[in-house]
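*Asks:* Build the 3D model from these lines:
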Amino acid sequence: MENDHVAPQRKVTIIGVPMDLGADRRGVDMGPSVVRIAGLSTKLNQLGYLVEDIGNIPVALAETRRPDAGDSRHKYLSEVARASEMLADQVAAILADGAIPIVLGGDHSIAIGSVAGVAAHYRQQGKRIGIIWIDAHADINTPESSPSGNIHGMPLAVLLGYGPRILTHIGGFAPKVHPEDCVIIGVRQIDDGERQLARRLGLRIYTMRDLDERGMSAVMDEAIALATRHTIGFHATFDMDFVDPYYAPGVGTPVLGGGTYRESHLAMEKIHDSGKMLSVEMVEINAVLDTYNRTGELGAELLLSALGKKIL
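*Replies:* Okay, here's the model as predicted:
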């Protein structure tokens, strides 16, 4: 029997971003739908939240547009920028309304817009935000370092101020976050250019070896402390490919040796227990590659853990 502890009638607002332009493999545009189908709103209500779902940000279809000049270095740049601007405005408005934004992706390029919105809201109050980035990949490529030109491998670099100005300056300012306020957890695949940038910036990256040696609990405690030292709180973004493909087969870029079912839930439970989560995001669920919506259902359950669902 589960007893879930959440302050009554705290408001959450769900917004979907059916974005698959940042990745090579189609299918992640259905991510918002499969998490909703898993009963996210109903289960949040049962936790005591007042839930509003404001639908999806409109995103262009790949089949309806022509590549921009120089697009191979940053594919679908103008469309990603347009969607990011709209998402940033919506996330800032959600926070101004006193709600917690729950952002459903879509590929990880959507973090450009979601974090921009959170950063803009707190910037008006003279406050910084942190990021806890849970992912098999570092996502700090630039157009110059990216082997593919896929923007879903660039969002954290963009938020740190590296990349095309049309992305870095969404909201009229850059960077959105400082390197010392960012933590990446679960990395097990990183490109050479990303490794060099991470070292230059002094980014704190916890690889799967760190999780193996130290355990998820210790890593999360340290990560939360780092992300909140100089900030009002943090945006939590969870890429489903952090989870081992055995538990989450429906992802576009699976990497063996990922987090277990319980490690994933523990990470999200720790995020909730910190009391410092400002917004939360779930990305990279590919319905085309999934089995009986296993990954979509896990995505919904992990969001519930981040919002207070507990065993006792």
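
*Asks:* Does the residue nearest in space to the middle of the chain lie in a helix or a strand, and which?
*Replies:* Nearest residue to the geometric centre of the chain (CA atoms, centre = their mean): T237, 2.7 Å. Following DSSP states H and E, one finds T237 within strand 234-239.

*Asks:* List the strands paired with that strand, with their directions.
*Replies:* strand 130-134 (parallel), strand 277-283 (parallel) (DSSP bridges).

*Asks:* And the pLDDT at S148?
*Replies:* If you check S148, the pLDDT there is 84.

*Asks:* what's the answer for R26, then?
*Replies:* 81.

*Asks:* could you pull out the helices for the chain?
*Replies:* 31-37, 40-46, 77-96, 111-123, 155-159, 165-168, 192-201, 208-214, 216-228, 261-274, 294-306 (DSSP state H).

*Asks:* about what we covered before: from the strands paired with strand 234-239, which stretch is densest packed?
*Replies:* The highest mean neighbour count among the strands paired with strand 234-239, using mean count of other CB atoms under 10 Å, belongs to strand 130-134: a mean of 27. For every residue, glycine as well, the C-beta is placed using N, CA and C.

*Asks:* Need the residues that contact that strand.
*Replies:* 111, 115, 139, 156, 159, 177, 181-186, 223-224, 226-228, 230-231, 233-239, 242, 267, 271 (CB atoms under 8 Å, 6 or more residues apart in numbering).

*Asks:* and if we set it to 7 Å?
*Replies:* 115, 156, 177, 181-186, 223, 227-228, 231, 234-239, 242, 267, 271 (CB atoms under 7 Å, 6 or more residues apart in numbering).

*Asks:* Equivalent analysis for stretch 239-258, please.
*Replies:* Under CB under 7 Å, 6+ apart, the answer for stretch 239-258 is 23, 25, 27-28, 108, 134-137, 186, 188-189, 208, 259-261, 264, 282-287, 289-291, 294-296, 298-299.

*Asks:* Quick one, which of the residues you listed are buried?
*Replies:* Burial by neighbour count, judged by 16 or more other CB atoms under 10 Å, picks out 23, 27-28, 108, 134-137, 186, 188-189, 208, 259, 264, 282-287, 289-290, 295-296, 298-299 from the contacts of stretch 239-258.

*Asks:* so where is the stretch 1-150 of the chain shaky, pLDDT-wise?
*Replies:* Within the stretch 1-150 of the chain, the set of residues satisfying pLDDT under 70 comprises 1-8, 63-72.

*Asks:* switch the cut-off to 90
*Replies:* Applying pLDDT under 90 to the stretch 1-150 of the chain picks out residues 1-9, 21-27, 60-76, 143-150.

*Asks:* Setting aside sequence neighbours, what's the nearest residue to S148?
*Replies:* D24 (6.5 Å; CB to CB, 6 or more residues apart in numbering).

*Asks:* In space, what's closest to I54 - neighbours in sequence excluded?
*Replies:* Using CB to CB, 6+ apart, the closest residue to I54 is I15 (5.4 Å).

*Asks:* for S274, what are its contacts?
*Replies:* Contacts of S274 by CB under 7 Å, 6+ apart are I224.

*Asks:* ok, now with 8 Å
*Replies:* Counting by CB under 8 Å, 6+ apart, S274 has contacts 224, 228.

*Asks:* ditto for S217
*Replies:* Contacts of S217 (CB under 8 Å, 6+ apart): 266, 270.

*Asks:* Please tell me how far it sits from D29.
*Replies:* 35 Å (CB to CB, to the nearest Å).

*Asks:* G171 now?
*Replies:* Counting by CB to CB - G171 and D29 are separated by 24 Å.

*Asks:* higher neighbour count, the two?
*Replies:* Neighbour comparison, G171 and D29: the larger count goes to D29, with 24 against 18 (by other CB atoms under 10 Å).

*Asks:* most neighbours per residue, which of the helices of the chain?
*Replies:* Of all the helices of the chain, helix 155-159 has the most neighbours on average by mean count of other CB under 10 Å, namely a mean of 30.

*Asks:* Fine by me, we can end here.
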